[in-house]
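Asks: sequence below, structure please.
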Amino acid sequence: MEPIETSDIDGHPLEIGMVVRYLNTGTLGEIIDIKEDDEGTWGLLDTTDLYYRVDTLKVSGEKVGKRGEKEYSASDVKDYLLSQDEETSSGNLENVYQSTGGG
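Replies: Model (predicted):
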């Protein structure tokens with residue numbers, strides 16, 4: 001059986017093993033199968049075990065961990081922690097002790 005030649009919404013070629021994003025929900029996954037039927041061409045994502053029409057997929061440069069977890073680099077983590085530190089040291093705690101409701 002010959003491999004199916006297909007492309008994503010932007011015309012980039014799709015192959016088994018590529019990481020893609022499903023545009024309607026943002027689901028990220030690796031293509032583990034490609035099939036065609038009367039309704040179109042479909043890519044099976046490893047993270048959901050569901051087939052998606054290839055015209056709703058977009059090639060992604062992101063890495064996928066187990067079951068769709070995004071892998072973060074050390075730099076990503078450092079940037080996140082620095083941004084959290086800046087927020088807490090700014091002294092803006094008005095949302096932390098907000099009282100609501102009444103008695």
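Asks: what's the longest strand in this structure?
Replies: Criterion DSSP state E: the longest strand present in the chain is strand 28-37.
Asks: and the residue nearest to the spatial centre of the chain, what is it in contact with?
Replies: The centroid of the chain falls nearest to Leu28 when counting by CA atoms, centre = their mean (3.1 Å). By CB atoms under 8 Å, 6 or more residues apart in numbering, the contact set of Leu28 is 19-22, 47, 60, 62, 64, 68, 70. Glycine gets a C-beta too; all of them are placed from N, C-alpha and C.
Asks: just checking, which of those belong to helices?
Replies: Judged by DSSP state H, the subset of the contacts of Leu28 located in helices is empty.
Asks: Throw those residues into a markdown table and include pLDDT, thanks.
Replies: Converted to a markdown table, the contacts of Leu28 look like this (pLDDT from 0 to 100):
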| residue | pLDDT |
| --- | --- |
| Val19 | 96 |
| Val20 | 96 |
| Arg21 | 95 |
| Tyr22 | 95 |
| Thr47 | 93 |
| Ser60 | 93 |
| Glu62 | 86 |
| Val64 | 76 |
| Gly68 | 48 |
| Lys70 | 60 |
